[in-house]
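1. structure here, sequence nowhere to be found:
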Ligand code: SF4
């Protein structure tokens, strides 16, 4: 992963949260929930001797239950929400001829890079929160109400492939549940465990992944579509968004060629595609990963030469499957490992998860119907959207 490169203040250091998580798990007054990112289910196995790309989704859930987490949720669930909101935002920008291209905003390494070096382009960033932060906000509101446990007594943990996620959950504005209940000190997400830290925690508690049978996620926020799981690979967010945009506009399921958007898959630094959306004509989209590629694309946008309507940015090579918190145990080359993990995510999308698009997620539909109202409602704005900060002046101060 390149997270450290993306953080000029070097504030993104791996912070060992294992002890903090052990403390809350041992505290009987606290109800501890955990969410798992798309990418960790295809890498955690490497810490337990399995080949790169082994799918250990159900065993990871079993391990977390064994560790004592009260509920285990899937970040894929909130990735489906991120996509629905982001597709709605894009449609809005297209119809209002508003600021285009829209930039994805789910990678905190990329967001911070944009805040430092391209603050003039912050209005292009989607206002939608990352899946991690959406699930955290819902854990201390929606879930809290459903189980009848006060947000003060809920601890929200996330297993992430990423060290930058530790910075993201500490951003001052990521306390939406706390703001609603008038206790702004409450964080939406309290602790992050990287994939490697989760493996260490399991080893500390003598839990071997290989000896575990599959278990299922807790239902309220456990269902996900294939669109949610491919978030973990570069190009996945774009593909997921195109599926939902197509549905939003046409009310039809996307055709097969949009469900397998091969032009945005793989490890090329910059990938482009042109997609036909009924009534909207042809949209040009781009996907990039890594700092150098991002700069190249951003300079074009800055100069007004961007042909694109929507651009996906990821900090790490390969996207989150190549994140800075992922296992480093394999003897295979970094790209071989990335390819194996990516292939497994696309297998889950095409072969295992029956629903391919975020709008098909029944539990997400229930959430909107029973709790949020509709996309864009006041509650949806508070829990699912955020804002960004011009950090350019911090760079000037540091240079002095
Ligand atoms: Fe974290 Fe993924 Fe961004 Fe890497 S690409 S910094 S793992 S969110």
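-> Here it is on my side, so go on. Keep in mind it's a predicted model, so treat the numbers as computed, not measured.
2. sheet partners, orientation included, of the helix or strand hosting residue 72?
-> Here residue 72 sits within strand 71-74, counting by DSSP states H and E. When pairing is defined by DSSP bridges, strand 71-74 lines up against strand 31-36 (parallel).
3. the next helix-or-strand element following the partner strand: which residues count as buried?
-> Downstream of strand 31-36, the next assigned helix or strand under DSSP H and E is helix 57-67. Going by neighbour count (16 or more other CB atoms under 10 Å), the buried part of helix 57-67 is 57, 59, 60, 61, 62, 63, 64, 65, 67. Quick note: C-beta positions are derived from backbone N, CA and C, even for glycine.
4. ok, and what's touching helix 57-67?
-> The contact list for helix 57-67 (CB atoms under 8 Å, 6 or more residues apart in numbering) reads 25, 34, 36, 40-41, 44-45, 72, 159, 198, 201-202, 205, 207, 209-210, 212-217, 348.
5. run a quick neighbour tally on residue 278.
-> Using other CB atoms under 10 Å, residue 278 has 10 neighbouring residues.
6. that one is in contact with residue 251, isn't it?
-> No: using CB atoms under 8 Å, residue 278 is not in contact with residue 251, being 9.6 Å away.
7. now do the strand holding residue 72: distance to the chain's middle.
-> 15 Å (CA atoms, centre = their mean, to the nearest Å).
8. so which residues on the chain come close to the ligand?
-> Applying CB under 6 Å from any ligand atom, we find that the chain lies next to the ligand at 1, 3, 107-110, 161-162, 164-165, 314-316, 319-320, 323.
9. which residues does the residue nearest to the spatial centre of the chain contact?
-> Centroid-nearest residue in the chain: residue 131, 4.3 Å away (criterion: CA atoms, centre = their mean). Taking CB under 8 Å, 6+ apart, we find residue 131 in contact with 37, 75, 76, 78, 79, 81, 82, 106, 228, 231.
10. tell me the one of those nearest the ligand?
-> The closest of the contacts of residue 131 to the ligand turns out to be residue 106 (CB to the nearest ligand atom; 6.7 Å).
11. apart from its chain neighbours, what residue comes closest to that closest one?
-> Distances taken as CB to CB, 6 or more residues apart in numbering put residue 130 closest to residue 106, at 4.1 Å, once the chain neighbours are dropped.
12. am I right that the one you found is in contact with residue 104?
-> No: with contact defined as CB under 8 Å, residue 130 does not count as touching residue 104 (9.4 Å).
13. so how many other residues sit close to residue 180?
-> Using other CB under 10 Å, residue 180 has 17 neighbouring residues.
14. low pLDDT regions in the stretch 301-400 of the chain?
-> Residues of the stretch 301-400 of the chain meeting the criterion pLDDT under 70: 398-400.
15. which residues touch the one residue in it that gets nearest to the ligand?
-> Residue nearest to the ligand within the stretch 301-400 of the chain: residue 323 (2.7 Å; CB to the nearest ligand atom). Residues in contact with residue 323 (CB under 8 Å, 6+ apart) are 1, 3, 39, 160, 161, 162, 163, 194, 195, 316.
16. quick check: phi and psi at the closest residue to it other than its chain neighbours.
-> Of all residues beyond its chain neighbours, the one nearest residue 323 is residue 161 (3.4 Å), with distances taken as CB to CB, 6+ apart. Main-chain torsions, residue 161, degrees, to the nearest 10: phi -80, psi 10.
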